[in-house]
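In: okay, structure incoming, though there's no sequence with it:
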């Protein structure tokens, strides 16, 4: 049971990083990134290639330390986001969504078919955990990084930079008329958010120890994170955290339950889980359209503090 | 201050603006009037950099600024308000104003993360400026309200307030009086006059409310069917037969309605 709890918390923490990153892009800036799994995958593969021991089956590995891999994962995801952003960031929200879905699929298909990178569908095994193989230690690593990401994003949200992002989300025309270089801000938010998604990818790779394109299915890599953010409260970093943990409880809890069903039923039940999550999202949107936690108002907080 | 030279713009087959020329004098409150479809808003959007003209030039202090995007014009001291208020609804009134001032170092990603002390000092300054603007417009009591919850008239005041957070030299006002009740309208006109007198803002105002125009503007530029047909004081305009025919109380001339 304790082992399961550690497993549960670690994955929830990784999802929380993803939800926080999406909150920067969608919650604050209004960027419709529907290709989270692409940046997640690039981060995971980058970390895996850099930190595993040399293997004839895939690129590398280079046996580098965890932090180097994690940093490189962020950089790689950031570069991908920058390249995509230059082309697509002018697009309106819905078009950006379509473009990013396409890009995430391309990323997945590249990893699946270009076997020299990551051994195709057979994937990369033997990704080491940093410091110690003990999952509790790794949970600590995830917790520390999650805290750092949260603090950084919280600071940014309260900063004038975050204020401009929210202004752009609310009204692009007015932001332009207020002299803001809207494209620059959107691109910055897109790249930074994607870098954190890459970081989450590296954590995932080290935690599971094995990655293959299958793990970056849009259902797990994108849809679930959107549900987490919307349920928790878009625009609110604490909401993103809460949503990540709450939805992960429901998601993995339902897996636990369906696992206890007889074999014939359990395969069908796994489809029901997806339905269940969708239903839950509907209920939340109807009852609490702003999610569990509303967006905070920075100006109010500060006047109260005085 | 601003010279519009021979500006034309057509949308498909419609010649919205046809070789328009006029100027906005430094320190003036210039009115831009004309019947619906006269091309005022199109011309206004061209000056504000929202759409590029097919031909002609816009000069700001003798500098050619034709086709510059709104965010660049902003930094050259030309700002605008919107006919339909573009308030940032899910942000407070205070934040709506705080977001405007140019050159905030906290808007740089790196400074926002690491130069916390400097950003905080700047924020205090901006906060003070916001207080002044809120006092000026008497919006202090709704400072921490979400801008989306304001009344139509208050949103119009907020539009004006945003221009006060800039280092503007020229302010383009797109129908500042539309949908504003009489009491608030007086306040609005007063605010515009005070900004003109005390801060030396130059204004260009599009407006349908003739009382407001008469009260504020001199000179007045009259447009009809995409062209400037008259320019002068309210008296000149009132005496001008052509204007009367095209617009003021008169019937729209036979050729005036678009096919």
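Out: Structure received. Treat the numbers as computed from the prediction; the structure is a model and nothing was measured. Numbering: from 1, shown residues only, chains lettered A, B, ... in the order given.

In: which element is the closest residue to residue A:200 other than its chain neighbours on?
Out: In space, and not counting its chain neighbours, residue A:200 is closest to residue A:17: 4.1 Å by Cβ to Cβ, 6 or more residues apart in numbering or on different chains. Just so you know, the C-beta spots here come from the backbone N, C-alpha and C atoms, and that holds for glycine as well. Element membership of residue A:17 [criterion: DSSP states H and E] is helix A:2-22.

In: who are the packing partners of that helix?
Out: helix A:36-51, helix A:135-158, helix A:182-208, helix A:224-232, helix A:237-259 (3 or more Cβ pairs under 8 Å, 6 or more residues apart in numbering or on different chains; DSSP states H and E).

In: buried ones in it?
Out: Neighbour counts over helix A:2-22 (16 or more other Cβ atoms under 10 Å in any protein chain shown) mark A:8-22 as buried.

In: hang on, residue A:61 packs against residue A:50?
Out: Yes. Checked against Cβ atoms under 8 Å, the pair residue A:61 and residue A:50 is within contact range at 6.9 Å.

In: sorry, back to before: reformat the helices and strands packed on helix A:2-22 as TSV; add mean neighbour count and mean pLDDT.
Out: Output for the helices and strands packed on helix A:2-22, formatted as TSV (neighbours: other Cβ atoms under 10 Å in any protein chain shown; pLDDT from 0 to 100):
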stretch	mean neighbour count	mean pLDDT
helix A:36-51	30	96
helix A:135-158	17	96
helix A:182-208	26	96
helix A:224-232	26	93
helix A:237-259	20	88
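
In: contact residues of the stretch 151-259 of chain B facing chain A?
Out: Counting by Cβ under 8 Å from any Cβ of the partner chain, the stretch 151-259 of chain B comes close to chain A at B:162, B:166.

In: so, low pLDDT: which residues of the stretch 151-259 of chain B?
Out: B:247-259 (pLDDT under 70).

In: which residues in it form helices?
Out: Per DSSP state H, counting those that start in this stretch, the stretch 151-259 of chain B carries helices over the ranges B:152-164, B:182-199, B:210-216, B:234-239, B:241-246.

In: distance between the last one and the chain's centre?
Out: To tie it back to what came earlier, the one meant is helix B:241-246. 26 Å (Cα atoms, centre = their mean, to the nearest Å).

In: for that helix, packing partners?
Out: strand B:220-224, strand B:227-232.

In: buried deepest among those, which one?
Out: Mean neighbours per residue, mean count of other Cβ atoms under 10 Å in any protein chain shown, is largest over the helices and strands packed on helix B:241-246 for strand B:220-224, with a mean of 25.

In: can you list the strands that that one pairs with?
Out: With DSSP bridges as the test, strand B:220-224 is paired with strand B:29-33 (parallel), strand B:227-232 (antiparallel).

In: which outside residues touch it?
Out: Strand B:220-224 is contacted by residues B:20, B:22, B:30-35, B:38-40, B:43, B:213, B:228-234, B:237, B:240, B:243, B:246-247, B:256 when judged by Cβ atoms under 8 Å, 6 or more residues apart in numbering or on different chains.

In: recalculate using a threshold of 7 Å.
Out: For strand B:220-224, the external contacting residues (Cβ atoms under 7 Å, 6 or more residues apart in numbering or on different chains) are B:22, B:30-35, B:38-40, B:213, B:228-234, B:237, B:243, B:246-247.

In: spatially nearest residue to the residue of the stretch 151-259 of chain B found nearest chain A (excluding sequence neighbours)?
Out: Among the residues of the stretch 151-259 of chain B, residue B:162 lies closest to chain A, at 6.6 Å counting by Cβ to the nearest Cβ. Distances taken as Cβ to Cβ, 6+ apart place residue B:100 nearest to residue B:162, at 5.2 Å, with adjacent residues excluded.

In: the one you found: how many residues sit nearby?
Out: Residue neighbour count, defined by other Cβ atoms under 10 Å in any protein chain shown, stands at 26 for residue B:100.

In: so it sits in a strand?
Out: No. Residue B:100 is assigned coil when assessed by DSSP: H, G, I helix; E, B strand; the rest coil, not a strand.

In: same for the helix or strand hosting residue B:15, what does it pack against?
Out: For residue B:15, the host element (DSSP H and E) is strand B:14-24. Judged by 3 or more Cβ pairs under 7 Å, 6 or more residues apart in numbering or on different chains; DSSP states H and E, strand B:14-24 is in contact with strand B:2-11, helix B:40-47, strand B:227-232.

In: what about it, distance to the chain center?
Out: Centre-to-centre, strand B:14-24 and its host chain are 17 Å apart (Cα atoms, centre = their mean).

In: buried residues in it?
Out: For strand B:14-24, burial by neighbour count (16+ other Cβ under 10 Å) applies to B:15, B:16, B:17, B:18, B:20, B:22, B:23, B:24.

In: what residues does the stretch 101-250 of chain A have near chain B?
Out: Proximity of the stretch 101-250 of chain A to chain B (Cβ under 7 Å from any Cβ of the partner chain) is limited to residues A:152, A:155-156, A:159-161, A:163-164, A:166-167, A:170-171, A:173-174, A:176-181, A:188.

In: the residue nearest to residue B:162 against residue B:160, yeah?
Out: No. Residue B:100 is beyond contact range of residue B:160, at 11.9 Å (criterion: Cβ atoms under 7 Å).

In: circling back: mind putting the helices and strands packed on strand B:14-24 into JSON lines with distance to residue A:292?
Out: Output for the helices and strands packed on strand B:14-24, formatted as JSON lines (distance: least, Cβ to Cβ, whole Å):
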{"stretch": "strand B:2-11", "distance to residue A:292": "47"}
{"stretch": "helix B:40-47", "distance to residue A:292": "42"}
{"stretch": "strand B:227-232", "distance to residue A:292": "57"}
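
In: next one: residue A:196 from chain B, what distance?
Out: With distances taken as Cβ to the nearest Cβ, to the nearest Å, residue A:196 is found 13 Å from chain B.

In: how much space between the residue nearest to that residue when sequence neighbours are not counted and chain B?
Out: Leaving out its chain neighbours, the residue that sits closest to residue A:196 by Cβ to Cβ, 6+ apart is residue A:21, at 3.7 Å. Here residue A:21 is placed at a distance of 15 Å from chain B (Cβ to the nearest Cβ).

In: I'd assumed residue A:199 was in contact with residue A:21.
Out: No. Taking contacts as Cβ under 7 Å, residue A:21 lies outside contact range of residue A:199: 8.2 Å.

In: all good on my end, thank you.
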